[in-house]
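**Student:** Quick one, fold the following:
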Amino acid sequence: MREKNTANIYVMSGPSAVGKDTIIENLQRLDNNFHFVITATTRKPRKTETDGINHFFYSEKIFKKLIQNNDLIEWAKVYKNYYGVPKSQIFEPLKNNKDVLLRVDVQGAKRIKELIPAVILIFIKPEKTESLRKRLIERGVNTSAEMTTRLKTAEKEIQTSDFFDFIIVNKDGNLQYAVNKVLDIIQGNKN
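**Tutor:** Modelled structure (predicted):
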């Protein structure tokens, strides 16, 4: 049994299509003492996504109401859609001594670090930039122009990744490596 108030907040970030969601899905199968934050967004769900599991999918009107009511710890407009982190998704689990793991974009990670300095930042980096292009094509939801924008943004994000506490390479064909590294970081903070 863990000591009282030993739960931590882990913020996972990285470029679009680097595999953040897949890593989190694998972590959920391995450890159930985490609370995986469900973020809010105005983007449309992908074919494999479910409201309330992958994200809270809101209209722009409802999202702006969340902003107005100060219900989000941070939010941003990214790639023409709003994304945000509901406060309840972080503070309720912490009260119950559960580690919190959330995924946000790089600017969101920086803002959360400013607001909650004790968070632990984990950056997921692709083995090669071409890996991101391949994954974006496989997703089949972005136009060629959108993919170009995302890849340019990815290059900038990778260049500024030294801001993070940990950098993990999501090796092509070896997802388990990245999953194990994230788990090692979290378990290492329990000792």
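**Student:** List the residues that contact the residue minimising distance to the centre of the chain.
**Tutor:** Computing the C-alpha centroid of the chain and ranking residues by C-alpha atoms, centre = their mean puts Arg103 first, at 1.2 Å. Going by C-beta atoms under 8 Å, 6 or more residues apart in numbering, Arg103 touches Val11, Met12, Ser13, Lys20, Asp21, Ile24, Val37, Thr39. In this view, the C-beta of every residue, glycine as well, is placed from N, C-alpha and C.
**Student:** For the residues you listed, pick the one with the most neighbours.
**Tutor:** Within the contacts of Arg103, Met12 tops the neighbour count with 27 neighbours, counted by other C-beta atoms under 10 Å.
**Student:** List the buried residues of the worst-scoring helix or strand of the chain on mean pLDDT.
**Tutor:** Lowest by mean pLDDT, DSSP states H and E among the helices and strands of the chain is helix 129-139, with a mean of 81. Of the residues in helix 129-139, Ser131, Leu132, Arg133, Arg135, Leu136 count as buried by neighbour count, 16 or more other C-beta atoms under 10 Å.
**Student:** and the nearest residue to the first one once chain neighbours are set aside, how far is that from Val18?
**Tutor:** Distances taken as C-beta to C-beta, 6 or more residues apart in numbering place Asp172 nearest to Ser131, at 5.4 Å, with adjacent residues excluded. With the distance defined as C-beta to C-beta, to the nearest Å, Asp172 ends up 11 Å from Val18.
**Student:** Look at these two and report which has more neighbours.
**Tutor:** Of the pair Asp172 and Val18, Val18 is the one with more neighbours under other C-beta under 10 Å, namely 26 against 14.
**Student:** just for the protein, where's the confidence low?
**Tutor:** For the chain, the stretches flagged by pLDDT under 70 are 1-5, 31-32, 190-191.
**Student:** so where do the helices sit in it?
**Tutor:** Using DSSP state H, the helices of the chain run over 20-30, 60-68, 88-95, 106-115, 129-139, 144-159, 175-188.
**Student:** Tabulate those helices (a markdown table), appending distance to Asp51.
**Tutor:** Converted to a markdown table, the helices of the chain look like this (distance: least, C-beta to C-beta, whole Å):
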| stretch | distance to Asp51 |
| --- | --- |
| helix 20-30 | 15 |
| helix 60-68 | 12 |
| helix 88-95 | 14 |
| helix 106-115 | 20 |
| helix 129-139 | 19 |
| helix 144-159 | 23 |
| helix 175-188 | 25 |
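**Student:** and of these, who's closest to Glu49?
**Tutor:** helix 20-30 (8.9 Å; C-beta to C-beta).
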